[in-house]
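Visitor: Turn this into a structure:
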Amino acid sequence: MKHLAHLNKYFYKYRWRMIPGVLFVIASNYFGVLPAQVIRIAFDLVKENISMYRLFDGFERQQLIYQVFGSSLLLFGALVLILSLIRGIFLFLMRQTIILTSRHIEYDLKNEIYGHYQQLDMAFFRRNNTGDLMNRVTEDVNHVRSYLGPAIMYSINTIVLSIMVIAAMIQVNATLAFYALLPIPILCIILLYVNKIINRRSEAIQRQLSSLSSFVQETFSGIRVVKAYNREADKMGVFSNESDHYRDASLALVKTQAIFFPLILLLIGLSTIITVYVGGLEVAKGTITSGNIAEFIVYVNQLTFPAMALAWVTSLIQRAAASQKRINEFLQTEPSIRPRAGHVAADLAVQGHIQVSNVSFTYPETGIRALRQVSFEVRPGQVLAIVGKTGSGKSTLANLLMRMYDVQAGDIRVDGTDIRKLPLQAYRQQIGFVPQNVFLFSDTIANNIAFGLDSTYPDQVEEAARNAAVYENIMAFEEGFETSIGERGITLSGGQKQRVSIARALIKNPQILIFDDCLSAVDTRTEEEILRNLSREMQDKTTIFIAHRISTIKNADHIIVLDEGTVIEQGTHEQLLALRGSYFELHEKQLLEEVV
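Guide: Model prediction:
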């Protein structure tokens, strides 16, 4: 239960919903126990009336006794029915309070998990796959909700009903109650043993379900590649293998439950047999009546549901504990990216003077060293270009500038302040970023362009689209800016997606612009148009271009060349050509490719 202790704050929050629910449980069980006593009185009445009816055999009073006897049975039957209806009303109220409360807590828990996901840094998402993250906020929370609602409701119901029934049994006859309840300790021992098995197998099911979900999510995300390489059959084989593992894990749990539940019924049946046998001996002694035996049988059968519920609730609690343990692992993960104490006010106004001094960085999850002693400076209104081979650390540098990761050595300053001391959200709001791998949401083009703003006007969206040279393409669609582009922008070409992403960055009117190889999928003419439009937007702003094409960055104020995470050359376009080094070789190679 230590893993489920995280939920106690929600019980306190909704205590005024839970407390009436507990009272309704007590009331429903009280009216559930009363019918057994009515049946005992009725049973004794039947026996006495039969004896009296035979006693008056041949007399006129015999018919009167028969009429009174029939009316009494109808009265007792009606009384049992009324008690059942009253109990049903309280059961309804019990479910309306406890079960509905569990839905409220489920809602809060999902929001807590999702909100925590949003606060975690990029390193966390590199370590964990999407399928597992989704599984914890869906399947795991669903199992926890089963504990919050049905498990707690039936646990309270079981405890209250058991106490009431056992107290009533002892009040009637302590000896008979002792023998009738004799199988209960055996049941407790079995529960302790089976609990461990259920918990272990529940965790195995959740782990395998996460693996299965991750595989399916990855397959659907890369369905183009799967079809292009004709690997449908291979993926189907892997899916079948993962499904088999999940099936085996689920069957292992079901087999445990399949043995557990009948065993409980056997023990309850044994209690009934003991009740009839010992009760008969007690009737012979004259300590109880035959009606008490009928009452005891009703009590024993009423304990059948608590015993069955105990087994089911145990399974729910164990699965919920396993799921909550997995949820807690993420909720207890602290983001490594957070503002330090003494940060400046939230109404941050960035000028864009960036100073990078001796920055080194190694990816913690892989151990790959991406940057070594990198230094440069770029002032507002200037354009810095970064070029280099694949894997030279260009995108890593962009991530550090946006503080997706924190530097491990050296520092990055914006307007003279270490970015680790700046309010994180306010700082990122001042940056317009176009990633190398464009991600568009399954929404309209207009909403994708306006993604970075709380509210926009159509003319702002259109202006951003024009500056990104994608306006004409958008208007060619039947629905224009209201065109839905599908998951990850699947209906757009690579170049169109890049230009929509550029428009999304420009509409924010940020002080710092970072373009991470965002023109690789557009033709030369479109590239020139975009750069011409950007030249107006980049005035008085700090702009950083990461590119492979020399044509993209040749007009930059300063160019640095990275190789294996180190700055090997820097200067203007003309200065670097004069050095006849790596930049010159890249320039000559691209000129040759254009000629060919």
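Visitor: what about the strands in the stretch 251-400 of the chain?
Guide: 354-362, 369-378, 383-388 (DSSP state E, counting those that start in this stretch).
Visitor: contacts for the second one?
Guide: What that stands for is strand 369-378. Outside strand 369-378, the residues that touch it by Cβ atoms under 8 Å, 6 or more residues apart in numbering are 352-363, 384, 393, 396-397, 400, 410, 542, 544, 557-558, 560, 562, 564-567, 570. No exception for glycine: its C-beta is placed from N, CA and C like everyone else's.
Visitor: for stretch 559-579, same thing?
Guide: 360, 369-376, 384-389, 391-394, 396-397, 550, 553-558, 581-584, 587.
Visitor: what about burial for the contacts of strand 369-378, which qualify?
Guide: Buried residues within the contacts of strand 369-378, defined by neighbour count using 16 or more other Cβ atoms under 10 Å: 352-356, 359-361, 384, 393, 396-397, 400, 410, 542, 544, 558, 560, 562, 565, 567, 570.
Visitor: nearest residue to the spatially most central residue of the chain other than its sequence neighbours?
Guide: Centroid-nearest residue in the chain, with Cα atoms, centre = their mean: residue 137, separated by 0.8 Å. Nearest residue to residue 137, sequence neighbours excluded (Cβ to Cβ, 6 or more residues apart in numbering): residue 113, at 4.9 Å.
Visitor: who's in contact with stretch 289-309?
Guide: Residues from elsewhere that reach stretch 289-309 (Cβ under 8 Å, 6+ apart): 32-33, 35-37, 39-44, 47, 154-155, 157-158, 161-162, 165, 168-169, 172-173, 176, 180, 187, 261, 264-265, 267-268, 271-272, 275-276, 279-280, 282-283.
Visitor: So that I can see them in PyMOL, could you write out a selection of the buried residues among the residues you listed?
Guide: Buried subset of the contacts of stretch 289-309, written as a PyMOL selection, criterion 16+ other Cβ under 10 Å:
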select buried, resi 32+33+35+36+37+39+40+42+43+44+154+155+157+158+161+162+165+168+169+172+173+176+180+187+264+267+268+271+272+275+279+282+283
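Visitor: on that earlier part again, any idea how far the residue nearest to the centre of the chain lies from residue 331?
Guide: Relative to residue 331, residue 137 is positioned 11 Å away (Cβ to Cβ, to the nearest Å).
Visitor: got any residues that touch both of the two?
Guide: Jointly contacting residue 137 and residue 331 under the rule Cβ under 8 Å, 6+ apart are residue 113.
Visitor: quick one on the thing from earlier: redo the strands of the stretch 251-400 of the chain as a markdown table? Include distance to residue 75 and mean pLDDT.
Guide: Supplementary listing: the strands of the stretch 251-400 of the chain in a markdown table, determined by distance: least, Cβ to Cβ, whole Å; pLDDT from 0 to 100:
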| stretch | distance to residue 75 | mean pLDDT |
| --- | --- | --- |
| strand 354-362 | 85 | 90 |
| strand 369-378 | 87 | 89 |
| strand 383-388 | 93 | 88 |
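Visitor: Format these as TSV; extra columns: distance to residue 461.
Guide: Formatted as TSV, the strands of the stretch 251-400 of the chain follow (distance: least, Cβ to Cβ, whole Å):
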stretch	distance to residue 461
strand 354-362	29
strand 369-378	29
strand 383-388	25
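Visitor: Between the ones you listed, which one is closest to residue 419.
Guide: Nearest to residue 419, of all these, is strand 354-362, at 9.0 Å by Cβ to Cβ.
Visitor: tell me which element the nearest residue to residue 252 once chain neighbours are set aside is part of?
Guide: In this structure, residue 252 finds its nearest non-sequential neighbour in residue 201, 5.1 Å apart by Cβ to Cβ, 6+ apart. Element membership for residue 201, per DSSP states H and E: helix 184-221.
Visitor: Can you name every helix or strand that that helix contacts?
Guide: Packing partners of helix 184-221 (3 or more Cβ pairs under 8 Å, 6 or more residues apart in numbering; DSSP states H and E): helix 130-137, helix 139-146, helix 232-285, helix 304-331.
Visitor: Helix or strand next in line after it, which one?
Guide: Once the chain leaves helix 184-221, the next helix or strand it forms, by DSSP H and E, is helix 223-228.
Visitor: and that next one, what's its mean pLDDT?
Guide: The average of the pLDDT scores along helix 223-228 is 74.
Visitor: Okay, buried residues for it please.
Guide: Neighbour-count burial for helix 223-228 [16+ other Cβ under 10 Å]: residue 226.
Visitor: how much space between the residue nearest to residue 137 and residue 135?
Guide: 11 Å.
Visitor: which neighbours do these two share?
Guide: Jointly contacting residue 113 and residue 135 under the rule Cβ under 8 Å, 6+ apart is no residue at all.
Visitor: Neighbour count: those two, which is higher?
Guide: residue 135 (23 against 19; other Cβ atoms under 10 Å).
Visitor: wait, what's in contact with the more buried one?
Guide: Residues in contact with residue 135 (Cβ under 8 Å, 6+ apart) are 206, 209, 210, 213, 214.
Visitor: can we see that at 10 Å?
Guide: Residue 135 makes contacts with 129, 141, 206-207, 209-214, 217, 323, 326, as judged by Cβ atoms under 10 Å, 6 or more residues apart in numbering.
Visitor: check contacts around the residue nearest to residue 253 when sequence neighbours are not counted.
Guide: Take residue 253 and drop its neighbours on the chain: the residue closest to it by Cβ to Cβ, 6+ apart is residue 201, 4.3 Å away. Residue 201 makes contact with 249-257, 315, 318-319, 322, according to Cβ under 10 Å, 6+ apart.
Visitor: Pull the number of nearby residues for residue 31.
Guide: 18.
Visitor: In what element of secondary structure is it found?
Guide: Following DSSP H and E, one finds residue 31 within helix 15-55.
Visitor: Residue 442 now?
Guide: Here residue 442 is assigned to no helix or strand, by DSSP H and E.
Visitor: do you know how far it is from residue 468?
Guide: Counting by Cβ to Cβ, the gap from residue 442 to residue 468 is 20 Å.
Visitor: try residue 550
Guide: 22 Å.
Visitor: the more surrounded of the two?
Guide: Using other Cβ under 10 Å as the criterion, residue 550 and residue 468 rank with residue 468 on top: 30 against 21.
Visitor: wait, that one sits on residue 534?
Guide: Yes: between residue 468 and residue 534 there is a contact at 8.5 Å, judged by Cβ atoms under 10 Å.
Visitor: Where does the prediction get shaky in the stretch 151-300 of the chain?
Guide: Applying pLDDT under 70 to the stretch 151-300 of the chain flags the ranges 192, 195, 224.
Visitor: so where's the longest helix in the protein?
Guide: Secondary structure of the chain per DSSP state H: the longest helix is helix 61-119.
Visitor: Mind giving me the packing neighbours of that helix?
Guide: With contacts taken as 3 or more Cβ pairs under 10 Å, 6 or more residues apart in numbering; DSSP states H and E, helix 61-119 sits against helix 8-13, helix 15-55, helix 130-137, helix 139-146, helix 152-172, helix 304-331.
Visitor: Distance from the chain centre to the helix or strand following it, please.
Guide: Using DSSP H and E, the helix or strand that directly follows helix 61-119 along the chain is helix 122-127. Its chain's C-alpha centre and that of helix 122-127 lie 16 Å apart, by Cα atoms, centre = their mean, to the nearest Å.
Visitor: list the buried ones in helix 122-127?
Guide: Quick answer for helix 122-127 (16+ other Cβ under 10 Å): 122, 123, 124.
Visitor: Correct me if wrong: residue 453 contacts residue 506.
Guide: No: the criterion here is Cβ under 10 Å, and residue 453 misses it with residue 506 at 11.3 Å.
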